[in-house]
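# Based on what follows, work out the 3D shape:
(2 chains)
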Amino acid sequence: MKHQKLFKEITSDLKKVEKELDKILKVGDPILSQTCIYLLQAGGKRMRPGFTLLSGKFFDYNFEKILPVAMALEIIHMATLVHDDVVDASLTRRGRPTLAAGWGNTVSIATGDYLFAKALELIVKIDDTEISSILANVCVEMCQGEIQQIKFSFDVQQNYKQYYYRIQRKTALLIGLCCKLGAMVSNANKRQVWVLHNYGHCLGIAFQIVDDILDISADPKILGKPVGGDIRQGIITLPMIYALNDSPNSERLKELIGKETKSEIEIEEAVFLIKQSGGIEKSRHIVDLYVDKAIKSLSELPDIPSREALVELAKFVGERSY
Amino acid sequence: MVAIAGSFQSELNEMEKVMNTEIRFKSFSIGDLFDLRMNNLDKYLCPALALAVGNMSGQKGKKMIDLASIIQYVFLAHHIHAQVTDGNLTDPERQYPVLVGDFMFGQTFSKLCKSNLFSYSDQFVRLIKTINEGIVMRWKLKNKTILLKDYRVILGKERASLTALAGKVAAEVSGLQEHHVKKIEEFGYYIGMAWAAWEDSIYTSLVQEYLTKAKGTIAELKDHIYIKPLQELYEFFYQEINVNTVLAGIQ
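Just a heads-up that it's a prediction; the model follows:
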């Protein structure tokens, strides 16, 4: 996979992160151990620890010091995914049954909470109130974003501002945090921390918009799930907002998207109308702007291989098809 | 607002006020999202325990109120997540409790960092792990007859671990002597066991057993420290469970 090549500078450290995650998630309780390891084995791009490690490389990189942060961020990501699957009642993720499908809601929720505690355990050990506080606030804001998303699902009156509020919290905050904490634990100065945080934040926004585009336009075989999931769940995304505003068929689209129960034919029709409206292209343009902004913010940092890797990662996020 | 007793009512009111401002999601509150079922014990017992312990040594004010709200956030997180059962739930019944419960966990940790209580974080982290071990243990035994010995472990992990920690940390923050801290932790544990056993009504004899133990602990502390707030808390608890009449005649 291309993104793995992008992490080549930190491949061996990422392997160590993986090994440590495996060790730390084999916990005392046999069921929790089983569920945590099941989640870990589901894989994932491990982009969050990757961003943390690469951000640290610009400064006083100390693997032992940055390791718990990288692990904690990946564990928080895992916890949010397992809870998201309960929220969405998803039966599969990355081609495998979700925890909710295999063990039910109770165990899924308990596993997510347990993972959250494991992540905090790692962060608390660093004994830095500022880092802990930043992480805690991001966790609170992420939940606020998700709540907002559900509260306003099927609401076709949503505007760009509300959309950005949601995706910042849903995705950008955590990626921004990965870069920020990687820099902080590596003794970067305030400006450098800001630069990397800004890079991660912009990239996070781009990442989410790409996700929203792929949900409408990807090849379902590559994506690993059927298209139109957001339409089905009433999650109003950027391509939809463009289409709702600009399409000559916006009234029909409003009717389709606003319906809480839709047939597959109606979902296909909505997908067709969104594609026809030019909403995908306009959203792509926004992705390019954020990717450019992310890349430009790196120009203040030294020209080392990590910078090149972050630039390539930004391009990868903008161009990815899965 | 429920009236518990005299000595720490005003701090409890203050804590509730602060939490109401902290638990908001842009323009809406929890009540706008889903039906949060709470009785008076759910609303007040955990924070009241911390505040009562603070009052025993004259520790009032912001730090104790912060601690009380942290403990209540942990309780709320699990209480809300417990609404997400394995049965058939509608989307709002399932979605909001998951996310609002997560929000409460975030608030727990955020407040620990902000309120000069960060040094207690590791104890809260252990607590969250313990509670979830209890939840999973109960899940494992569902549809089976739970032996009393296993049942005690489940209640201890799920609930008494929280009330024990509430008492312990409050006593530590209040600067009480170590052996008194231990006794108050025990008291918290017994109250938590009685509370959980009363809620479940599987082995009702446990309610009486642990209430007697809690009373015994108060008696042991009586000659050494000021215990009126703890007695008030006990009375509040007793009254609340008695309202249900299940346990008439326990004392």
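
# so where do the helices sit in the stretch 51-200 of chain B?
Residue ranges of the helices in the stretch 51-200 of chain B, as given by DSSP state H, counting those that start in this stretch, are B:62-81, B:91-114, B:121-140, B:148-155, B:161-173, B:178-200.

# among those, which is the most enclosed?
helix B:161-173 (a mean of 25; mean count of other C-beta atoms under 10 Å in any protein chain shown). (Each C-beta comes from the backbone N, C-alpha and C, glycine too.)

# Quick one: mean pLDDT over it.
Computed over helix B:161-173, the mean pLDDT rounds to 98.

# other SSEs contacting that helix?
Secondary-structure packing of helix B:161-173 (3 or more C-beta pairs under 8 Å, 6 or more residues apart in numbering or on different chains; DSSP states H and E): helix B:40-56, helix B:62-81, helix B:121-140, helix B:178-200.

# Please spell out which residues along the first one are buried.
Going back to what we said before, that points to helix B:40-56. B:41-56 (16 or more other C-beta atoms under 10 Å in any protein chain shown).

# and that helix, what other elements does it pack with?
Under the contact rule (3+ C-beta pairs under 8 Å, 6+ apart), helix B:40-56 is packed against helix B:9-22, helix B:62-81, helix B:161-173, helix B:178-200, helix B:228-243.

# Give me the contacts around the third one.
Same thing as helix B:161-173. B:45-47, B:49-54, B:59, B:63-64, B:67-68, B:71, B:74-75, B:78, B:117, B:120, B:123-124, B:127, B:130-131, B:134, B:180-181, B:184-189, B:191-192, B:195 (C-beta atoms under 8 Å, 6 or more residues apart in numbering or on different chains).

# got the buried residues for stretch A:49-65?
A:P49, A:G50, A:F51, A:T52, A:L53, A:L54, A:S55, A:G56, A:K57, A:F58, A:F59, A:Y61.

# Quick one: end-to-end distance for that stretch.
Between the opening and closing residues of stretch A:49-65 there is a gap of 13 Å (C-alpha to C-alpha, to the nearest Å).

# For the stretch 101-250 of chain A, which residues are neighbours of chain B?
Within the stretch 101-250 of chain A, the positions near chain B by C-beta under 8 Å from any C-beta of the partner chain are A:104-107, A:109-114, A:116-118, A:120-121, A:124-125, A:129, A:132-133, A:135-137, A:139-140, A:142-144, A:146-148, A:150-151.

# can you tell me which of those residues are in helices?
The members of these that map onto helices under DSSP state H are A:105-107, A:109-114, A:116-118, A:120-121, A:124-125, A:129, A:132-133, A:135-137, A:139-140, A:142-144, A:146-148, A:150-151.

# what's residue 203 in contact with, if anything?
Looking at chain A here, since you left the chain open. A:A172, A:I175, A:Y290, A:V291, A:A294, A:L313, A:A314, A:V317.

# oops, I was thinking of chain B
B:L148, B:Y151, B:A197.

# pretty sure it belongs to a helix, no?
No - counting by DSSP: H, G, I helix; E, B strand; the rest coil, B:Y203 is located in no helix; its state is coil.

# For it, give its distance to A:P248.
Separation of B:Y203 from A:P248 (C-beta to C-beta, to the nearest Å): 68 Å.

# For the contacts of A:L203, please prepare TSV with the additional fields secondary structure, pLDDT and neighbour count.
Output for the contacts of A:L203, formatted as TSV (DSSP: H, G, I helix; E, B strand; the rest coil; pLDDT from 0 to 100; neighbours: other C-beta atoms under 10 Å in any protein chain shown):
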residue	secondary structure	pLDDT	neighbour count
A:A172	helix	96	23
A:I175	helix	96	27
A:Y290	helix	98	23
A:V291	helix	97	25
A:A294	helix	97	28
A:L313	helix	93	23
A:A314	helix	95	26
A:V317	helix	91	25
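
# so, if you compare those, which one comes nearest to A:N198?
A:A294 (7.7 Å; C-beta to C-beta).

# right, and that closest one touches A:L313 too?
No - contact between A:A294 and A:L313 fails when scored by C-beta atoms under 8 Å: they sit 9.1 Å apart.

# Contact partners for the spatially closest residue to A:K118 that is not a sequence neighbour?
Distances taken as C-beta to C-beta, 6 or more residues apart in numbering or on different chains put A:I75 closest to A:K118, at 5.5 Å, once the chain neighbours are dropped. Counting by C-beta under 8 Å, 6+ apart, A:I75 touches A:L21, A:L25, A:L115, A:F116, A:K118, A:A119, A:L122.

# can you do 6 Å?
A:L115, A:K118, A:A119 (C-beta atoms under 6 Å, 6 or more residues apart in numbering or on different chains).

# Relative to B:G31, which of these is nearest.
A:L115 (28.9 Å).

# Report pLDDT for that closest one.
At A:L115, pLDDT is 97.

# Which residue is the nearest non-sequential neighbour of it?
Nearest non-adjacent residue to A:L115 (C-beta to C-beta, 6+ apart): A:A79, at 3.9 Å.

# From the chain's centroid, how far away is stretch B:11-29?
18 Å (C-alpha atoms, centre = their mean, to the nearest Å).

# that older thread, now mean pLDDT too, for the helices and strands packed on helix B:161-173, in TSV please.
Shown next, in TSV, are those (pLDDT from 0 to 100):
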stretch	mean pLDDT
helix B:40-56	95
helix B:62-81	97
helix B:121-140	97
helix B:178-200	96
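
# closest to A:K8 out of those?
Of all the helices and strands packed on helix B:161-173, helix B:121-140 comes closest under C-beta to C-beta, at 34.8 Å.

# tilt between that closest one and helix A:105-126?
In terms of direction (axes from the mean of the first three to the mean of the last three C-alpha atoms, to 10 degrees), helix B:121-140 departs from helix A:105-126 by 160 degrees.

# Just confirm yes or no for helix B:121-140 near chain A.
Yes - using C-beta under 6 Å from any C-beta of the partner chain, helix B:121-140 reaches chain A at B:S121, B:D122, B:V125, B:I128, B:K129, B:N132, B:E133, B:I135, B:V136, B:W139.

# Without its sequence neighbours, what residue ends up closest to the last one?
Excluding its sequence neighbours, the residue lying closest to B:W139 (C-beta to C-beta, 6+ apart) is A:T106, at 5.1 Å.

# Which pLDDT value belongs to that neighbour?
97.

# Can you read off the backbone torsions of B:F28?
phi -130, psi 160 (degrees, to the nearest 10).

# Now it: closest residue in space that isn't a chain neighbour?
Nearest to B:F28 is A:K151, by C-beta to C-beta, 6+ apart, at 6.8 Å.

# what helix or strand is the nearest residue to A:Y290 once chain neighbours are set aside on?
Computed as C-beta to C-beta, 6+ apart, the closest residue to A:Y290 that is not its neighbour in sequence is A:A206, at 3.9 Å. Using DSSP states H and E, A:A206 sits within helix A:190-217.

# ok and that helix relative to helix A:129-151, angle-wise?
Helix A:190-217 runs at 20 degrees relative to helix A:129-151, counting by the same axes, to 10 degrees.
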